[in-house]
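Participant: Sequence first, predicted coordinates after that:
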Amino acid sequence: MIDIKFLRENPDAVKENIKKKFQDDKLPLVDEVIELDAASRAAKQEADDLRNKKNKISKEIGALMAQGKKEEAEAKKAEVAASSKRLAELEEQEKELSEKVTKIMMVIPNIIDPSVPIGKDDSENVEVTKYGEPVVPDYEIPYHTDIMERFNGIDIDAAGRVAGNGFYYLMGDIARLHSGIISYARDFMIDRGFTYCIPPYMIRSNVVTGVMSFAEMDAMMYKIEGEDLFLIGTSEHSMIGKFIDQIIPEAELPKTLTSYSPCFRKEKGAHGIEERGVYRIHQFEKQEMIVVCKPEDSPMWFDKLWQNTVDFFRTMDVPVRTLECCSGDLADLKVKSFDVEAWSPRQKKYFEVGSCSNLGDAQARRLKIRVQAEDGSKYYAHTLNNTCVAPPRMLIAFLENNLQADGSIKIPEVLRPYMGGKEVLIPVK
């Protein structure tokens, strides 16, 4: 959510930003919110004037009563009563207008960084850098679930009977590999100076609307029936929510946290759920990282965060690349975003395994996360988040890139302590 003062003073800049995001249907909202904001401020000013007038008249009534001028005092009381009635009307009007302004402001997209490439959708995202040499071996790389089945490592049919499409059972070495990657990611991020955290897996609606747009919420979140609670789609939601309504001393910044959580997603829309496979599913686990920092530090932290993911994948010899998301592919709260994509030898292309986002002060504004400077002044923090690893997708990249000609899976040295010292996994089929 952008600053209403900025919108008020720079309506053309806000409209131009909306055009860059190819959301022209939202252009009328700028003029609408300016009109509503003006009416709201006028109602507030009239209400403030009435309160001052009431206070002044109340003192006059006391003086008149002391002088025995009862008749004049009663006339003043009638004036106060009329003012009170009008004040109540104004307060209700102000509340209603303010709510309308906030509702619209929640829909107007954040101002994107000037460096963001302009494009309509993800097909126009821009490759930044490649890391590692993508290899296509001279032997067949099967579909990832076929690889897992050779190790008796997955049962999608049983999961379908228990929970439906979009779920899976992982077993044996594949399940251990999944957990090993998560444990390694935890230690990797701790070694990078981040504080490890296990957050709540459910959050209230005010946190949900604080961290994401309404469109994202509808497409992603599962609501707990009869409760003001939602299952998290990523631990970033509860991690940023940790600071709701807080004033953080500037000396305590930055807050750098890494969190483990399961994640739950509807996966509505064009992508849908895969009938077989673990690329797009309803339930998965993830190691996340978030930063709360001073505004001037957020570009530096953005570069550090996506580099962490690149470095993590490269320690396991998985080739990756970074893509900068174009304007039309940015969620409304984001200022700038990079996707990290891993190489798929089977598909002979890269696919998304993580996303790094700088949200500026949009989430902080919604959640009222402020910083107190040394001089006592207060300002909104900047928030950033990034995926370190989400093992279902990571498993695909890992298995394809470490599959040997004989069907075995090579275990990189960094993962061996989490796999009981095993250097290779041998298929049972």
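Facilitator: Cool, the structure landed. Residues are numbered from 1 along each chain as shown.
Participant: where does this protein have its least confident helix or strand?
Facilitator: helix 214-220 (a mean of 77; mean pLDDT, DSSP states H and E).
Participant: next SSE after it?
Facilitator: strand 222-223 (DSSP states H and E).
Participant: Give the other helices and strands that that next one contacts.
Facilitator: strand 230-231 (3 or more CB pairs under 8 Å, 6 or more residues apart in numbering; DSSP states H and E). Using the backbone N, CA and C atoms, a C-beta is placed for each residue, glycine as well.
Participant: Note down every partner strand of the strand it packs on and its orientation.
Facilitator: Sheet partners assigned to strand 230-231 using DSSP bridges are listed as strand 202-203 (antiparallel), strand 222-223 (antiparallel).
Participant: Tell me how far Val291 lies from Ala362.
Facilitator: Going from Val291 to Ala362 by CB to CB, to the nearest Å gives 14 Å.
Participant: quick one: low-confidence parts of this protein?
Facilitator: 64, 73-74, 268-275 (pLDDT under 70).
Participant: Can you find which helix in it contains the most residues?
Facilitator: What stands out as the longest helix in the chain, according to DSSP state H, is helix 27-66.
Participant: Tell me the helix or strand right after it.
Facilitator: Next along from helix 27-66, by DSSP H and E: helix 70-105.
Participant: Helices of this structure, start to end?
Facilitator: So, for the chain - with DSSP H - the helices run 4-9, 11-20, 27-66, 70-105, 144-150, 156-163, 172-191, 205-211, 214-220, 235-241, 298-314, 362-367, 391-402.
Participant: can I get the ones you listed in TSV with distance to Leu257 and mean neighbour count?
Facilitator: Below are the helices of the chain laid out as TSV (distance: least, CB to CB, whole Å; neighbours: other CB atoms under 10 Å):
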stretch	distance to Leu257	mean neighbour count
helix 4-9	29	14
helix 11-20	30	16
helix 27-66	34	15
helix 70-105	28	15
helix 144-150	31	21
helix 156-163	31	14
helix 172-191	9	19
helix 205-211	14	20
helix 214-220	21	15
helix 235-241	6	27
helix 298-314	12	20
helix 362-367	14	25
helix 391-402	20	23
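Participant: Next, format those as CSV and append distance to Val116.
Facilitator: Below are these laid out as CSV (distance: least, CB to CB, whole Å):
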stretch, distance to Val116
helix 4-9, 18
helix 11-20, 8
helix 27-66, 19
helix 70-105, 21
helix 144-150, 33
helix 156-163, 38
helix 172-191, 27
helix 205-211, 21
helix 214-220, 18
helix 235-241, 20
helix 298-314, 12
helix 362-367, 15
helix 391-402, 25
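Participant: Out of these, flag the one nearest Glu267.
Facilitator: helix 214-220 (7.8 Å; CB to CB).
Participant: if I pick Leu90, what's in contact with it?
Facilitator: Residues in contact with Leu90 (CB atoms under 8 Å, 6 or more residues apart in numbering) are Ala43, Lys44, Glu46, Ala47, Leu50.
Participant: Of the strands paired with strand 230-231, which stretch is the most buried?
Facilitator: Neighbour counts (mean count of other CB atoms under 10 Å) averaged over each of the strands paired with strand 230-231 peak at strand 202-203, with a mean of 20.
Participant: outside of stretch 92-101, which residues touch it?
Facilitator: Ile4, Val33, Leu36, Asp37, Ala39, Ser40, Ala43, Lys44, Ala47.
Participant: Which residue is the nearest non-sequential neighbour of the fourth one?
Facilitator: Among residues not flanking Asp37 along the chain, Val101 sits closest, at 5.3 Å (CB to CB, 6 or more residues apart in numbering).
Participant: Then the last one?
Facilitator: The shortest distance from Ala47 to any residue other than its chain neighbours is 4.2 Å, reached at Leu90 (CB to CB, 6+ apart).
Participant: can you tell me how far the one you found sits from Val80?
Facilitator: 15 Å.
Participant: And Ala405, by the same measure?
Facilitator: Taking CB to CB, one finds Ala405 at 91 Å from Val80.
Participant: How about Ala381?
Facilitator: 44 Å.
Participant: before we move on, the earlier item: quick one: closest of the helices of the chain to Asp339.
Facilitator: Of all the helices of the chain, helix 298-314 comes closest under CB to CB, at 8.9 Å.
Participant: how much does the closest one deviate in direction from helix 172-191?
Facilitator: Inter-element angle recorded for helix 298-314 and helix 172-191: 150 degrees (by axes from the mean of the first three to the mean of the last three CA atoms, to 10 degrees).
Participant: Using CSV, list the CA coordinates for helix 298-314.
Facilitator: Only the C-alpha atoms of helix 298-314 are listed here, as CSV (Å, rounded to 0.1, in the frame of the first residue of the first chain):
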residue,chain,number,x,y,z
SER,A,298,16.7,-2.8,1.3
PRO,A,299,18.4,-2.8,-2.1
MET,A,300,21.5,-4.2,-0.5
TRP,A,301,19.6,-6.9,1.3
PHE,A,302,17.6,-7.8,-1.8
ASP,A,303,20.9,-8.7,-3.6
LYS,A,304,22.1,-10.6,-0.5
LEU,A,305,18.9,-12.7,-0.3
TRP,A,306,18.7,-13.9,-3.8
GLN,A,307,22.5,-14.6,-3.8
ASN,A,308,21.9,-16.9,-0.7
THR,A,309,19.6,-19.1,-2.7
VAL,A,310,22.0,-19.2,-5.7
ASP,A,311,24.9,-20.2,-3.4
PHE,A,312,22.8,-22.8,-1.6
PHE,A,313,22.0,-24.6,-4.9
ARG,A,314,25.5,-24.3,-6.2
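Participant: Packing partners of that helix?
Facilitator: strand 126-131, helix 172-191, strand 283-293, strand 320-324, strand 336-344, strand 349-358, strand 382-389.
Participant: Pick the most deeply packed of these.
Facilitator: Greatest burial across those, using mean count of other CB under 10 Å, falls to strand 382-389, with a mean of 28.
Participant: now that one and strand 349-358, what's the angle there?
Facilitator: 150 degrees.
Participant: Strand 382-389 pairs with which strands, parallel or anti?
Facilitator: strand 283-293 (antiparallel), strand 349-358 (antiparallel).
Participant: Could you export these as a markdown table, including distance to Lys54?
Facilitator: Shown next, in a markdown table, are these (distance: least, CB to CB, whole Å):
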| stretch | distance to Lys54 |
| --- | --- |
| strand 283-293 | 43 |
| strand 349-358 | 48 |
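Participant: Can you tell me which of those is nearest to Met202?
Facilitator: strand 283-293 (14.1 Å).
Participant: now the angle between helix 156-163 and that closest one, please.
Facilitator: 80 degrees.
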